[in-house]
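Q: I'd like to go over a predicted model; first the sequence, then the structure.
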Amino acid sequence: MNLDSIARIANIIGIAFVIIGAIDPMEGAFIIAPGSVLIALAKWQIGLPTLRKQYILAASLTMLGFCALMALSSMGGLGGSSSLSAWWGLTILPYPAGWLYLITILIIDRIKSRKSENK
């Protein structure tokens with residue numbers, strides 16, 4: 001089994017993780033975050049050279065927001081009886097931004113690969 005076939009399997013698993021996690025994006029963060037990293041690593045090996053950095057950026061944003069989400073959760077969450085202001089919620093914005101960016105790049109990548117197959 002060569003590196004390209006391992007990367008293709010990791011890509012499929014990562015996409016499955018992102019789709020399954022999309023059912024409930026906040027609870028699915030534990031699935032979406034590693035899925036985005038798997039996709040970025042796989043696309044670094046087998047993806048289009050023009051989109052490699054975008055996959056890394058999407059995975060980085062997703063992981064940054066995921067880490068902020070976990071940190072805020074460990075401090076008791078936001079609002080209500082928590083000592084943290086609701087403004088701390090802005091720190092988790094990279095998570096949905098990275099997740100949506102990843103979905104957009106996957107769609108663009110698929111369209112470009114279809115066009116190159118038809119030529």
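A: Happy to help now that I have it.

Q: Please identify the buried residues of the longest helix along the chain?
A: Across the chain, the longest stretch assigned as helix under DSSP state H is helix 94-118. By 16 or more other C-beta atoms under 10 Å, the buried positions in helix 94-118 come out as 94-96, 98-99, 101-103, 105-106, 109. For the C-beta atoms, the positions are set from N, CA and C on the backbone; glycine is no exception.

Q: do the same with stretch 67-78
A: Quick answer for stretch 67-78 (16+ other C-beta under 10 Å): 68-69, 72, 78.

Q: which of the residues you listed lies closest to A33?
A: Distance to A33 across the buried residues of stretch 67-78 (C-beta to C-beta) is lowest for L69, with 9.1 Å.

Q: surely the closest one meets L93?
A: No - contact criterion C-beta atoms under 8 Å: L69 and L93 do not qualify, at 10.2 Å.

Q: Mind listing residues that contact stretch 82-93?
A: With contact meaning C-beta atoms under 8 Å, 6 or more residues apart in numbering, stretch 82-93 is reached by 65, 68-69, 71-72, 75-79.

Q: go with 6 Å
A: 65, 68-69, 76, 78-79 (C-beta atoms under 6 Å, 6 or more residues apart in numbering).
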